[in-house]
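Novice: Need coordinates for the below:
(2 chains)
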Amino acid sequence: MMMLTSFFGSGTVYAQIKITGTVSESGSNEKLAGVTIFIKNTQDGIVTELDGTFELTVPNEKSMLVISYLGMETQELMVGNTRIFQIMMNSSASVMDEIVVVGYGTQIRSSISGAVSTVSSKDLEGVPLLRAEQAIQGKTAGVQVTQNSGSPGSTLSVRIRGTGTINDSEPLYLVDGVPVSGIDFLNPGDIATINVLKDAASAAIYGSRGANGVVVITTKTGKMADKQYGSIQYENYIGEQQAWKKMNLLDAREYAILSNEAHIAAGKTPLAAFSNPEGLGKGTDWQEAIFQIAPIQSHQLSLTGGSALSTFALSGSYFNQAGIVGGAKSGFERYTARLNISQQLKPWLKIGGNVLYTNLNRNGLPENNEFNTPLVRALNIDPVTSIRKFDGTYNYSVYVDTDLANPVNAIENQYNTWQSNRVLSSIQADISIRKGLVFRSSFNRDETFASQSVFIPSFNLSLDPASNDAPASERNPINTVIKNDFTWQNWQWENVLTWDYSKDKHKVNALLGSTALANSYYFLTGSNINLPSNKVKDAFLGNTIAPRESQGSGDFASASGMLSFFTRFQYDYANKYLLSATLRRDGSSRFGKNNRYGYFPSISAGWVISREDFWGLDALNFMKLRASWGQNGNDRIGEYSFTTIVYPGQNYTFGSSETITSGSTPLEASNPDLKWETGEQIDAGLDLELFNGKFHFTADYYKKTTRDMLARIPIPTLVGLRAPFQNVGTMANNGLELSLLYQEKKKTLNYSLGANIGFVKSEVLSLGPGGEPIITGNVFSAGNVSRTDVGHPVASFYGYVTDGIFQSQEEVNIHAFQNEKTGAGDIRFKDLNGDGIINEADQTYIGNPTPSFTFGFTSQWQWKGFDVSVFVQGTQGNDIYNGIFRYDFFYSNRPQSALNRWTGAGTSNEEPRVNLNDPNKNARVSDRFVEDGSFVRLKNVQLGYNLKHKLLKKWKMDKARIYFSGQNLWTLTTYSGLDPEIGSVGGSLEIGIDQGFYPQARMASLGLQLGF
Amino acid sequence: MIKVSILRQGWRHWDYSLDFKNKEMKNFAINKWFALLFLFSGSSCEELLLDKKPLVGTTLDNFYQTEADAVSAIHAAYAALQFEMSPEGHFRWFWGDIMSDDAVKGGSGDNDQPLLAALEQFQGPVNTGYLAAEWAADYEGINRANIVLEKVPGIVMDEKLKKRILGEAYFLRAWFFYNLVTIFGDVPKVDHLLSPSEYKMPRSSAESIWNLIESDLTKAVSSLPLRSQYTQADLGRITKGAAQGLLLKSLVWRKKWAEAKKVGDALISSGEYKLESDFNRIFTKAGENGVESVFEIQYMTESGGNWGNNNNNEGTFTNVFVRARGQFDGYGFNIPTKSLVDAFLSTGTEDPRLKATIFRVGEPMGDRGIFTKEATGGYPHDYYGKKYFNNRSEQATFGDPNPNGGTNDRIIRYADILLLFAEASFQSGDETSARNALNQVRTRVKIPEITSSGNTLLEAIYNERRLELALEGHRFFDLVRTGRAVKFLGSLGFKENIHQVFPIPQSQIQASNGAVTQNQGY
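Specialist: All right, here's what the predicted structure looks like:
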């Protein structure tokens, strides 16, 4: 669409015509500087000044002007009679005109040769996001975002193109140029754009830590606009969350029936209390008792504005989410305040400053382990026990043991609060040295001051406190308070010299830069026991009767630094041939003097075929081929692994008065040859657009190899020291990413449909010269589940293979030997090596927790004032090891499927007999507990309504939208546990083991967006 | 602890870097943007950012220089004595009692430590966490002793103290190798600090390990003070007597009877040790480090330890593991067998030591209540061990009570010395000395003396060991070294020439790339 106002001039035809004009953005009327206006098919052109004006001499009236600018629709106008032009430019609908942030600069998408996915604030409009990482979940092909837990404020793990390495696979996050270790402090409403740099070439400029991809986030800023007023935006939503699923467990009657059977099978008398199962009825529904409806709310206010020479943005937000398990006991609260200003102080100097403050408060319950978490306790405790005793105090189970305490009491008697204050501040200066040469210096600081307060009051659930009849886990005789203080202080100083040069159709961008950064960490802890008061408000270290006996303390400190130099060269010919090359040199304090520096090069190229003269297909208005190769580094290991440290604190007791005496000794072998881990990636991609931007398609194929992986590979324990970090092993991730987007803009109806899918296959190529597999992932009642070995995907499941149930003693006898007491009704395990004995040699790979592919589907519809959007996300092909039930306790509860147990020949071939003992070890690690974790989830549905323009004008408003949003409304999965979205507790080598993961909440909320 | 100074040191470090930047900023104003860009290429700046020394702890090059360092080093070696759950349990009573006919595993059932049950049934699983932890813990102790033996001689310090410290290190190394050789047989002989090229060491024969043990203990005997020469503050340190005691045990294992008799004689005639007059007192808190104690691993309750810090607790987990479940707050392991109880009752009259060794139904379990099967949570066991039981009143007043049991581990008692001396005397032909030593032990508990001779006397000595040292981690090893394992444990699955040692942890065979080989039969 073109909007053009012209003033009629004198109309004389001259050999040369002089024209002048101004270029502005339509709608905002912001003057646009740097807009290219050139005469089509010639080399002549000009660029608009700071105030948007230009002056150009054209040959004749038939000359065509081509006007182009980053992010705007390119226009072509014939000069005709007009001499003074007022040109308005519109934001481009084409994805190819989108601006992409690519490391120390921006580029138009059509000109990048790397693989970058972008999510802009437009895509995030009105979607209630709890955490910033959720913004990219399912929207970017090849990026898998998993919640590590559904509890409020919990972290998400982000994997770009598979699990890159066996140590830390998290990507590098940059917020306004500041490298941060996580983005939980960020208010999602402050995000302007998120760019995910997926291939080595685009991430290369960040070299170190870019091995797992880079997530570049920019926050909203104001706009430079002369005599334009700013805008005020207020958004809020309030909602409710609930657990979307409850597991089917045995009720009291069924539990009693099975218990009686189990006793008889073990040759014991059934319990007197269970002599009449029918009389027990349903019993207690423990899941009901710990799950609750939890509220959530968010408020945001942002003010942006600017003048001809300055911009500012000021915003504040408040977010509060209670947990569906434990309510406020697992709640999360966040306050943020942000100020961003920039000023064109001098024609050659632009300065900017940014301050972001976040205050987080989080109450946490133990989660994601099978010992003391309320969730696992609720699922394993017997249904016969009532929640409270007749006198109203909490009850304890006389059937189950130790760990499986009353979860409702456990939630009440636990206080674990985390509070953190974080300030991210930066100042930068851009100095225009001369035309095209800019020097930017930026300094930033990231400070976090966090504290944690843990209080466990004393309690005793015994019927008679004097007799202590309750088991140990239901009694806490001594109250304890622990206070921990954490301080992280990081600073970074970056200097970049950029040179932009364009002549005719050649465009060159070169940059040279350096970064220096330092991190420091300090930890202080103090504890106290036997406080005189049992109230949490009195829980202080100073409240003690006998300080010397009861108080303890300790501290720890560490520091690291990095010094880097980098350079990049980009060449663009006629927006048709693209080339980019980068070289970065990083030095890290984490390696010894010999191996401090790593060199990380990359190169990428692109060819926009559709701009070639021979291109005939009009419908296919854009087609680009691109390829890249690059290397990135990773140094995410402890600070001092290259040297041997002698640690104090190796204590013994001497003396008749039992005095603790300290000793010192090295604990870890050293590895002075420790060096950078390198990731190498090649990528080939295709970008297509059809029907003038209506249909957009991107495909990427990549091959990622990580070499010299930093890991603690076990050394023989006869060395007597912990294994050091070594550079061992190689891992490969190959994959394919596809994404498509279809947008249609009609008179009253606009709609878009988008989908993305990412396939990845990971394989461990080598694990060092010894090559021993790494075994982790311990499930207490069964054994180790995860195995990382050469030739297999990382963290694969490894165990026995089941082969039905023995239906008779004969069947037991003819099969390989399992255990002396194996009987009919027990599980038959396959004798894989045919040696007649079932032992460790009969174990094999039984599952893979990494999905074959992840996908997302989005759709948005707008009709008159209404809008509807849908977002579906899922994974396919990943397995989950169900480790929820405590088979090591013979009295713990079981899932309903246990009712299908074997009771006689032919009654079941899946579920073994119930028995008090388990001589056959039916609970061992086997495919019995491996389930398909694939899922499709309706992640978000939104219905909104925008108030009519007329009404808004009356109240001096720009926008008023009211919406209803539902999260996790529907999930399709065959997994029997509480939620198929399982994160990982033990790092990259332990994935997909469900040990009582806090499930995602289903949420419904109502929101309001107002703009003035 | 050097708390405050580290805090200051950390901040000093930080402040220093800030000052440096201010200086550089002045330079910038002078040299314009060119200097700014290459600001950090100076080597001094590189050093500042990239040369980070650890803030807590010292680097190896700066340690082992002073007397305090030497003392600190030997303490770290002592600390390894307390490793029991590192991270899996590998208690002495696993190997000594559960594997024998004196006790069964226990716990909450078949699925509680199933691999331990497999070991108990002599199924020989080769990759249990317990044996891997035992192996690792012993070698960690050996490494700490080796550090002392290698680094301390070079320190300029009081010679007498240095001699004692080296003596302690020799003993500790011998003790850890003693554990290894009695449990695993042939093991790698790590007698010095290893360089990475030596990590994949093959096994040495049990005989050469025993030779090392004997030579280390001989050196220890000549370097260590007598128990009576230590002060109260040093209670718990290794004494000359402890070294002699362990040497006696080693020589008896190797059937070097004459030498053993000599060492036993020297220890007995030193007059440093006596039998406690009341047997019941030995395993009480008051009886810790008593007159009868030759070598005792110290534990204390008030150290505030917790489960997540297994190697840095000063308490023992044994107390909680061997107590009954239910209201007794234990995990119910190491359950005494009827066979053991019957041994106490075999003469017709109940041996007085039964009461101090085993709890029977109806008896009070200290101050924790009366022992009934319901009180233990309904578990079917009729007996529980008493020697390592601790009262609720003795529990830690702070920290997690479970890893903070204070009961010292009585490794070598004088009664054990007398019985070993008796055995050695018998085997060297001196039946009189044998009988005398045996009867000293019997007289202490006021049971009739033994007057027999010949094989009957030997059997009596063996039987006395079973009753006197029941549930102290001796039975399995006594059966193996006297060749009676098949007789008593054959019905439990013990096979000749296989099960007298435990399987080498498969993970260590793999870690050494096969340099370390497996024991025959596994």
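
Novice: Below-threshold pLDDT in chain B: ranges please.
Specialist: B:1-44, B:308, B:398-399 (pLDDT under 70).

Novice: Test my guess that residue A:576 contacts residue A:611.
Specialist: Yes - taking Cβ atoms under 8 Å as the contact criterion, residue A:576 and residue A:611 are neighbours in contact, 4.5 Å apart. For the C-beta atoms, the positions are set from N, CA and C on the backbone; glycine is no exception.

Novice: the more surrounded of the two?
Specialist: Neighbours per residue, other Cβ atoms under 10 Å in any protein chain shown: of residue A:576 and residue A:611, the larger number sits with residue A:576, 18 against 15.

Novice: got a list of what that one touches?
Specialist: Counting by Cβ atoms under 8 Å, 6 or more residues apart in numbering or on different chains, residue A:576 touches A:607-608, A:611-612.

Novice: how about a cut-off of 7 Å?
Specialist: A:608, A:611-612 (Cβ atoms under 7 Å, 6 or more residues apart in numbering or on different chains).

Novice: Let's see the pLDDT reported for it.
Specialist: Confidence at residue A:576, expressed as pLDDT, is 86.

Novice: How about residue A:321?
Specialist: 91.

Novice: how about the helices of the stretch 301-450 of chain B, start to end?
Specialist: B:318-322, B:338-345, B:354-357, B:414-427, B:431-444 (DSSP state H, counting those that start in this stretch).

Novice: Which one of these lies nearest to residue B:221?
Specialist: helix B:414-427 (14.2 Å; Cβ to Cβ).

Novice: By proximity to chain A, which residue of chain B wins?
Specialist: Closest residue of chain B to chain A, Cβ to the nearest Cβ: residue B:143 (2.5 Å).

Novice: And the strands in chain B?
Specialist: Counting by DSSP state E, chain B has strands at residues B:58-59, B:103-106, B:293-297, B:333-336, B:358-360, B:383-385, B:409-413.

Novice: Tell me if I'm right that residue B:130 and residue B:116 touch.
Specialist: Yes - between residue B:130 and residue B:116 there is a contact under Cβ atoms under 7 Å: 6.4 Å.

Novice: Residue A:395 and residue B:296, how far apart?
Specialist: Distance, residue A:395 to residue B:296, using Cβ to Cβ, to the nearest Å: 44 Å.

Novice: got it, and residue A:662?
Specialist: The value you get for residue A:662 to residue B:296, if Cβ to Cβ is used, is 21 Å.

Novice: More neighbours: these two, which one.
Specialist: Using other Cβ under 10 Å as the criterion, residue A:662 and residue B:296 rank with residue B:296 on top: 19 against 15.

Novice: quick one, what contacts the nearest residue to that one once chain neighbours are set aside?
Specialist: In space, and not counting its chain neighbours, residue B:296 is closest to residue B:408: 4.7 Å by Cβ to Cβ, 6 or more residues apart in numbering or on different chains. Residue B:408 makes contacts with B:288-289, B:296-299, as judged by Cβ under 7 Å, 6+ apart.

Novice: tell me, how many neighbours does residue 230 end up with?
Specialist: Here I'm looking at chain A. Around residue A:230 there are 17 residues (other Cβ under 10 Å).

Novice: right idea, wrong chain: chain B
Specialist: 17.

Novice: Just give the closest residue to it, not the sequence neighbours.
Specialist: Residue B:230 sits nearest to residue B:237 (Cβ to Cβ, 6+ apart), 5.8 Å away.

Novice: cool, and residue A:875?
Specialist: Using Cβ to Cβ, 6+ apart, the nearest residue to residue A:875 is residue A:851, at 4.0 Å.

Novice: how many other residues sit next to the residue of the stretch 401-550 of chain A at minimum distance from chain B?
Specialist: Closest to chain B within the stretch 401-550 of chain A is residue A:529: 3.7 Å, counting by Cβ to the nearest Cβ. Applying other Cβ under 10 Å, we find 22 residues neighbouring residue A:529.

Novice: Also residue A:824?
Specialist: That count, for residue A:824 with other Cβ under 10 Å as the rule, works out to 16.

Novice: mind listing the helices for chain A?
Specialist: Secondary structure of chain A (DSSP state H): helices located at A:200-203, A:252-265, A:286-290, A:374-380, A:407-412, A:547-550, A:809-814, A:949-954.

Novice: could the ones you listed be laid out in a markdown table, adding mean neighbour count and distance to chain B?
Specialist: Formatted as a markdown table, these follow (neighbours: other Cβ atoms under 10 Å in any protein chain shown; distance: least, Cβ to the nearest Cβ, whole Å):
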| stretch | mean neighbour count | distance to chain B |
| --- | --- | --- |
| helix A:200-203 | 32 | 22 |
| helix A:252-265 | 19 | 11 |
| helix A:286-290 | 19 | 21 |
| helix A:374-380 | 27 | 13 |
| helix A:407-412 | 21 | 16 |
| helix A:547-550 | 13 | 5 |
| helix A:809-814 | 12 | 17 |
| helix A:949-954 | 11 | 49 |
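
Novice: These: lowest mean pLDDT?
Specialist: helix A:547-550 (a mean of 63).

Novice: Do you have the strands of the stretch 901-1012 of chain A handy? List them.
Specialist: Along the stretch 901-1012 of chain A, counting by DSSP state E, counting those that start in this stretch, strands occupy A:930-932, A:935-946, A:959-973, A:993-994, A:1001-1011.

Novice: circling back: shared neighbours, residue B:130 and residue B:116?
Specialist: In contact with both residue B:130 and residue B:116: residue B:94, using Cβ under 7 Å, 6+ apart.

Novice: Could you give the number of residues near residue 220?
Specialist: You didn't say which chain, so I picked chain A. Residue A:220: 17 neighbours (other Cβ under 10 Å).

Novice: try chain B instead
Specialist: Neighbours of residue B:220 using other Cβ under 10 Å come to 28.
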